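Participant: Turn this into a structure:
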Amino acid sequence: DPLASFQASVHRAEQGTPTIDVASSRRETQLTQESLSGKKPSVEVDLSKSININKSDDPESVKSLVLALETLASFGGSDGKVTTTSGTVPLLPFVQAVVARYLSHPAHEVRKSAALTCCSLLVPRGAAHGPQIGTFSGSIVEDILQKLLRTSVSDPAALVRLCVVQALDSRYDSFLGQGHHLRELFLLLQDEALPTRAAGLRLLGRLASKNPGPVLPVLRTFLNNLIVELECGLDTGRMREEAARLLVVYVRAKPSERLVRSVLPAVVNALPIDKAAPPRLASASLEALGELAQATGEDMQPWVHKVIPHVLDIMEDRSSAS
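Facilitator: Coordinates of the predicted model:
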């Protein structure tokens, strides 16, 4: 547990080395021992009551806050700690008490920087063993992840929602694969912005290999909805184009391959790959067709004679380079 570093600090303090406050160190050691033994910590560390958050949205304050948050994101090594003149300090309590509260700042630039800083410091890159579920550090990570996921589905700025989803990489899979987090992640598939829906789909595709039980039924339903949109999208083609681009992301996820095989005829027949399709829609459909061919292999053979003439016709169309 990253907070176990306080044990060494207590030892140095008892030897007469003025590192950090002994009483505080003993309390942190007790919390760590309780978490390692599987007990719920008897006292929560709450720093937020004595901290004031800068809610100013004037340009200078926003610029300073963004710079401060981006600088903080570079702190700490692979163990998530910072060594100061007074000892070794874990960053997780500070991230929880200070940084996470900037996720509700009025300026979207600050909310974005706060989210990226949280994602950088919760589980340090290159760490051999990150915080584990059930430990005191793990409970802090869970609390901050809950706030990040809330931001990813409800922030008014599409860029902030997208940045949060993209920053939740494989370091967080053991946490995100839990049912209470998955319920919020499923909402990403209904986001109004296509890039956010695509990022959420990639994330769920990755988590499907970790916890397939709750994820695969949702992905199966989502695939059926894509087929319906490809067949019955609006005349403008925008809805069908987005469905085709999401299908590309869907097929690239390894756990989704067997779901695609079961409805392959419906998917191939729904793709608009004839000359009548608008150029952008035809381009997205061809990309989806290529991903289907790579994922399903010989299962595509029954449609080769039907598909190839349309592909050749589109390649001869000089009206659009795409």
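
Participant: Tell me the buried residues in the longest helix along the chain?
Facilitator: In the chain, assigned by DSSP state H, the helix with the most residues is helix 212-232. Going by neighbour count (16 or more other C-beta atoms under 10 Å), the buried part of helix 212-232 is 215-216, 218-219, 222-223, 226-227, 229-230. To be clear about C-beta, it is placed using only N, CA and C from the backbone, and glycine gets the same treatment.

Participant: Show me where the protein has its strands.
Facilitator: Taking DSSP state E to define them, one finds strands in the chain at 81-84, 87-90.

Participant: E316 and A68: what is the separation?
Facilitator: According to C-beta to C-beta, to the nearest Å, E316 stands 57 Å off from A68.

Participant: Comparing those two, which residue is more hemmed in?
Facilitator: A68 (16 against 8; other C-beta atoms under 10 Å).

Participant: What pLDDT is listed against that one?
Facilitator: Per-residue confidence at A68 stands at 95 (pLDDT).

Participant: The chain should start at 13 in everything you say after this.
Facilitator: In the new count, where the first residue is 13, that last one comes out as A80.

Participant: picking that back up, can you say which of the strands of the chain is packed in most?
Facilitator: Neighbour counts (mean count of other C-beta atoms under 10 Å) averaged over each of the strands of the chain peak at strand 99-102, with a mean of 19.

Participant: which neighbours does that strand have in its sheet, and in what orientation?
Facilitator: strand 93-96 (antiparallel) (DSSP bridges).

Participant: Which parts of the stretch 163-312 of the chain are helices?
Facilitator: For the stretch 163-312 of the chain, applying DSSP state H, counting those that start in this stretch gives helices covering 170-179, 185-188, 191-197, 206-219, 224-244, 250-264, 269-274, 276-282, 291-308.

Participant: will you turn the ones you listed into CSV that also has distance to T95 and mean pLDDT?
Facilitator: Compiled in CSV, the helices of the stretch 163-312 of the chain are given as follows (distance: least, C-beta to C-beta, whole Å; pLDDT from 0 to 100):
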stretch, distance to T95, mean pLDDT
helix 170-179, 26, 95
helix 185-188, 27, 90
helix 191-197, 32, 91
helix 206-219, 34, 95
helix 224-244, 40, 92
helix 250-264, 42, 92
helix 269-274, 47, 86
helix 276-282, 55, 90
helix 291-308, 48, 88
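
Participant: Select, out of these, the one closest to R162.
Facilitator: helix 191-197 (7.0 Å; C-beta to C-beta).

Participant: my guess is I156 meets T129, correct?
Facilitator: No: proximity of I156 to T129 does not meet the contact threshold set by C-beta atoms under 8 Å, at 10.6 Å.

Participant: joint contacts of those two?
Facilitator: Contact with both I156 and T129 is made by residues V107, according to C-beta atoms under 8 Å, 6 or more residues apart in numbering.

Participant: Pick out whichever of these two has more residues nearby.
Facilitator: More crowded of I156 and T129, by other C-beta under 10 Å: T129, with 24 against 19.

Participant: Do you know the pLDDT at that one?
Facilitator: In this model, T129 carries a pLDDT of 93.

Participant: Kindly report the same for P168.
Facilitator: 94.

Participant: Once you drop chain neighbours, what's closest to it?
Facilitator: H120 (7.6 Å; C-beta to C-beta, 6 or more residues apart in numbering).

Participant: and the one you found, how many residues sit next to it?
Facilitator: The local packing of H120 (other C-beta under 10 Å) involves 16 other residues.

Participant: got a list of what it touches?
Facilitator: 167-169, 171-172.

Participant: For the residue lying closest to W315 once chain neighbours are set aside, which residues are in contact?
Facilitator: Excluding its sequence neighbours, the residue lying closest to W315 (C-beta to C-beta, 6+ apart) is V280, at 5.0 Å. For V280, the contact set (C-beta under 8 Å, 6+ apart) comprises 301, 304, 312, 315, 319.

Participant: How about N223?
Facilitator: N223 neighbours (C-beta under 8 Å, 6+ apart): 189-191, 194.

Participant: State whether H193 and L161 are indeed in contact, as I suppose.
Facilitator: Yes: counting by C-beta under 8 Å, L161 is a contact partner of H193 at 6.2 Å.

Participant: if we can go back for a sec, and the residue nearest to W315, how far from Q306?
Facilitator: Remark: distance between V280 and Q306 (C-beta to C-beta) = 14 Å.

Participant: try P284
Facilitator: Here the criterion is C-beta to C-beta. By it, P284 lies 20 Å from Q306.

Participant: And these two? Which one has more around it.
Facilitator: Comparing P284 with Q306 by other C-beta under 10 Å, the one with more neighbours is P284, at 19 against 12.

Participant: Now the more buried one, what are its backbone angles?
Facilitator: phi -80, psi 100 (degrees, to the nearest 10).

Participant: I appreciate the help and will end here.
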